[in-house]
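Trainee: what shape does this take:
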Amino acid sequence: KLSWWPNMKADIATYVSRCLTCPKVKAEHQKPSGLLVQPEIPEWKWDNITMDFVTKLPKSSQGYDTIWVIVDRLTKSAIFTPIRETDLMDKLARIYLKEVFTRHGYLSQSLVIATRVEEAQILGVELIRKTTEKIVQIKERMQAARDRQKSYADLKRKPMEFQVGDKVMLKVSPWKGVVRFGKRGKLNPRYVGPFKVSWKIQ
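Mentor: Model prediction:
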């Protein structure tokens, strides 16, 4: 039996908008929300790093089964340190001091000028000048690449900003949805929630 009534389409849209299950399983037919946000470019080498752990490797003769990867975000220089997956935080801190701090030190922005003067006394003004020029060149090229990547990414996205107190849905990957809900295909939820926004990170 077919049914129809005045303003039927608007009534259906209103009903669906109030249904909590509908937005969880509904397929997207519009651009994803949120423009690309990129981290700031570091001011100097080894001023900002990233870390990763490659685990579950075959044990070496010394019992190492994990590789600790530490990468400088500016120069992309990397340090690969063998560790054990069971190593505690205090041991990792000692390894960091030995492998990273002793080689590169800590260069905060407030100490850049003083450190450059000390280095110049040891290594010479010309070497410091060339190093500084290379760092500036790296930063300029990184900025150009970032701007290009952002322009490409934002073409396929739409701007959206949430405020503290808003309720939002969290998108889950298809496989995580299957693992969590035990459903496949169209009935597999694409979102979970709603969750309340507690604070915003600037």
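
Trainee: alpha carbons only for contacts and neighbour counts from here, please
Mentor: OK.

Trainee: how about stretch 191-202: buried residues?
Mentor: 191-192 (16 or more other C-alpha atoms under 10 Å).

Trainee: max-length helix in the chain?
Mentor: In the chain, taking DSSP state H as the definition, the longest helix is helix 125-154.

Trainee: next secondary structure after it?
Mentor: Going down the chain from helix 125-154, the next helix or strand is strand 167-171, by DSSP states H and E.

Trainee: helices of the protein, start to end?
Mentor: So, for the chain - with DSSP H - the helices run 8-17, 21-25, 89-96, 102-104, 112-123, 125-154, 174-181.

Trainee: lowest average confidence, helix or strand, in the protein?
Mentor: helix 112-123 (a mean of 46; mean pLDDT, DSSP states H and E).

Trainee: hmm, back to that, I'd like the helices of the chain as CSV, with mean neighbour count and distance to Gly63 appended.
Mentor: Shown next, in CSV, are these (neighbours: other C-alpha atoms under 10 Å; distance: least, C-alpha to C-alpha, whole Å):
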stretch, mean neighbour count, distance to Gly63
helix 8-17, 11, 57
helix 21-25, 16, 46
helix 89-96, 12, 15
helix 102-104, 10, 25
helix 112-123, 12, 39
helix 125-154, 13, 39
helix 174-181, 14, 33
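
Trainee: out of these, which comes closest to Ser33?
Mentor: Of all those, helix 125-154 sits nearest to Ser33, with 9.7 Å by C-alpha to C-alpha.
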